[in-house]
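**Q** Build me a model:
(chains A and B)
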Amino acid sequence: MHDCGRVLHPGMVAGQVTGGFAHALGAALYEEYVYSDDGNFISGTLADYLMPTTTEVPAPLILHFESPSPFTPLGAKGVGEGNCMSTPVCIANAVADALGVAEIDLPLTPAKLAALMRREAP
Amino acid sequence: MKPAPFDYVRAQSLANAHDVLAAEGSDAAVIAGGQSLVPLLSMRMARPNVVVDIMHVDELGGISLENNCIRVGATVRQAELLAWPDLAKHQPLLSDALPWVGHWQTRARGTVCGSVALADPSAELPLVLAALGGNIVLSSKAGRRSVKAADFFSGIMSTARNDDELIESVSFPCRQQGEGFAFREFARRHGDFAIVACAAVATEKTVRFAVGGVADRPIVRDFDDVSDDALAAFADELEARDDLHATADYRRDLVRKLGAQTIAEAQACRA
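**A** Residues are numbered from 1 along each chain as shown, chains lettered A, B, ... in the order given. Predicted structure coming up:
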């Protein structure tokens, strides 16, 4: 659900929101600067620094809440970067809620998630 | 980055390629599809003096049935083998695994033998070759020899190939009556190198299970009885690695879970 004030161009807003969502998935699940114990940078290529591609990004269901801004001539606010911030939090909170853990480090890699689940196992 | 300078030789015949390899030894690198070698050159992880292109050697091409095996020549691209009409009939494990090799675009250039020659521990084709107990035919100026997959892969990107040899062909045994096959893998993104890849061949009484991406080479084990305990014990014995993408513990987890699914699927596909 987004509020960018008055939607001036629905297609462009959807594109911005989808792009922000893809970036957010990267931040939450894939992208990481990794250094080895001796200080070598080991995610320095795009084979190791993973960015989500079309196969990793589901199409989000986008809902709009239009509350026109009283401060701009067209009632528009801004759009695009909002869910770079909200999506990672949603994913981390969902996992924290499901597993009953307080702290989640992003990016949440499969190996980290498996380790969290092992810790929770009886 | 750009590669360090090197000489390029387009081999006109197999003998021509053998001559260059005999003269240059470890300073020469054979190029076929170039999908692994070219990035290695560009990152300067490989710095050969001479790159020998074998793609124009006619005698190294072709897919054929020989001694109940699918023989794949050195210049056969992965996409060509995948498009071979009889592939699924003669060896379903190969047709199941090939779509996992890289991407559509890289399969259009990369060769089957090239992937075997590179011996990346998480690559699909070395895993399938090891699971099926296939053969690699190597040749040099001195002659030709055939090596079993079990003796060929010796470590991370390391094989029994001598510096003056090239792979002429690899042979994948055809399916036998009553065998069931399955292939599964897990990677963080579609088309990435596998964190764990599993291949299973089920017969009436036994299961051959092979796993890639975990140890320094494909590991193959024959099970008479594949209980969860037996699979868990196998996973614990594996010399799993920690790396950027996964921990050793996570790899063992995947071997247990993905392995059990792969084996169940192979058993269900039997007959």
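
**Q** ok, B:A28 - contacts?
**A** By Cβ atoms under 8 Å, 6 or more residues apart in numbering or on different chains, the contact set of B:A28 is B:V20, B:L21, B:P48, B:N49, B:V50, B:V51, B:V52, B:D163. Bear in mind the C-beta positions are built from the backbone N, C-alpha and C, glycine included.

**Q** Can you tell me, leaving aside adjacent residues, what's nearest to A:D3?
**A** Among residues not flanking A:D3 along the chain, A:F65 sits closest, at 4.5 Å (Cβ to Cβ, 6 or more residues apart in numbering or on different chains).

**Q** tell me which parts of the stretch 151-271 of chain B are close to chain A?
**A** Residues of the stretch 151-271 of chain B lying close to chain A (Cβ under 8 Å from any Cβ of the partner chain) are B:186, B:188-192, B:195, B:244-247, B:249-250, B:253.

**Q** returning to what we had before: just put the contacts of B:A28 in CSV and tack on distance to A:A22, pLDDT and secondary structure.
**A** Below are the contacts of B:A28 laid out as CSV (distance: Cβ to Cβ, whole Å; pLDDT from 0 to 100; DSSP: H, G, I helix; E, B strand; the rest coil):
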residue, distance to A:A22, pLDDT, secondary structure
B:V20, 47, 97, helix
B:L21, 47, 97, helix
B:P48, 39, 97, coil
B:N49, 44, 96, coil
B:V50, 44, 97, strand
B:V51, 38, 98, strand
B:V52, 42, 98, strand
B:D163, 46, 96, coil
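
**Q** which helix is the longest one in chain A?
**A** For chain A, the helix that runs over the most residues, judged by DSSP state H, is helix A:82-99.

**Q** got it, and chain B?
**A** What stands out as the longest helix in chain B, according to DSSP H, is helix B:248-268.

**Q** tell me which residues of it are tucked away?
**A** Across helix B:248-268, burial judged by 16 or more other Cβ atoms under 10 Å in any protein chain shown covers B:250-260, B:262-263, B:265-267.

**Q** Also stretch B:161-173?
**A** B:R161, B:D164, B:E165, B:L166, B:I167, B:E168, B:S169, B:V170, B:S171, B:F172, B:P173.

**Q** so where's the stretch 151-271 of chain B uncertain?
**A** For the stretch 151-271 of chain B, the stretches flagged by pLDDT under 70 are B:271.

**Q** Which two among the buried residues of stretch B:161-173 are spaced furthest apart?
**A** The distance between the two most remote of those (Cβ to Cβ) is 28.0 Å, for B:D164 and B:P173.

**Q** show me the contacts for residue 52.
**A** Picked chain A for this. Taking Cβ under 8 Å, 6+ apart, we find A:P52 in contact with A:A22, A:L25, A:G26, A:L29, A:Y30, B:R189.

**Q** my bad, the chain I had in mind was chain B
**A** Per Cβ under 8 Å, 6+ apart, neighbours of B:V52: B:V9, B:A11, B:A17, B:V20, B:L21, B:A28, B:A29, B:V30, B:I31, B:L166.

**Q** What of A:P68?
**A** By Cβ under 8 Å, 6+ apart, the neighbours of A:P68 are A:G5, A:R6, A:G75, A:A76.

**Q** could you redo the last one with a cut-off of 7 Å?
**A** By Cβ atoms under 7 Å, 6 or more residues apart in numbering or on different chains, the contact set of A:P68 is A:G5, A:R6, A:G75.

**Q** And it, how far from B:A235?
**A** Distance, A:P68 to B:A235, using Cβ to Cβ, to the nearest Å: 59 Å.

**Q** Contact residues of chain A facing chain B?
**A** A:Y30, A:V34, A:I42, A:S43, A:D48, A:L50, A:T53, A:T55, A:E56, A:P110, A:A111, A:A114 (Cβ under 7 Å from any Cβ of the partner chain).

**Q** Keeping just the C-alphas, turn the helix or strand containing B:L127 into CSV.
**A** Here B:L127, judged by DSSP states H and E, is contained in helix B:124-132. Below are the C-alpha coordinates for helix B:124-132, written out as CSV (Å, rounded to 0.1, in the frame of the first residue of the first chain):
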residue,chain,number,x,y,z
GLU,B,124,26.2,-30.3,-13.2
LEU,B,125,27.9,-32.2,-16.1
PRO,B,126,30.9,-33.6,-14.1
LEU,B,127,28.3,-34.7,-11.5
VAL,B,128,26.2,-36.5,-14.1
LEU,B,129,29.2,-38.1,-15.6
ALA,B,130,30.4,-39.4,-12.2
ALA,B,131,26.9,-40.6,-11.2
LEU,B,132,26.6,-42.6,-14.4
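
**Q** just the helices in chain B please.
**A** Secondary structure of chain B by DSSP H: the helices cover B:14-24, B:37-42, B:78-82, B:87-90, B:92-97, B:104-107, B:112-118, B:124-132, B:149-152, B:228-237, B:248-268.

**Q** Let me know which of those is tucked in deepest.
**A** Most buried of the helices of chain B, by mean neighbour count (mean count of other Cβ atoms under 10 Å in any protein chain shown): helix B:124-132, with a mean of 28.

**Q** Would you mind pulling up the elements that that one packs against?
**A** The helices and strands touching helix B:124-132, judged by 3 or more Cβ pairs under 7 Å, 6 or more residues apart in numbering or on different chains; DSSP states H and E, are helix B:92-97, helix B:112-118, helix B:149-152, strand B:166-173, strand B:196-202, strand B:207-212.
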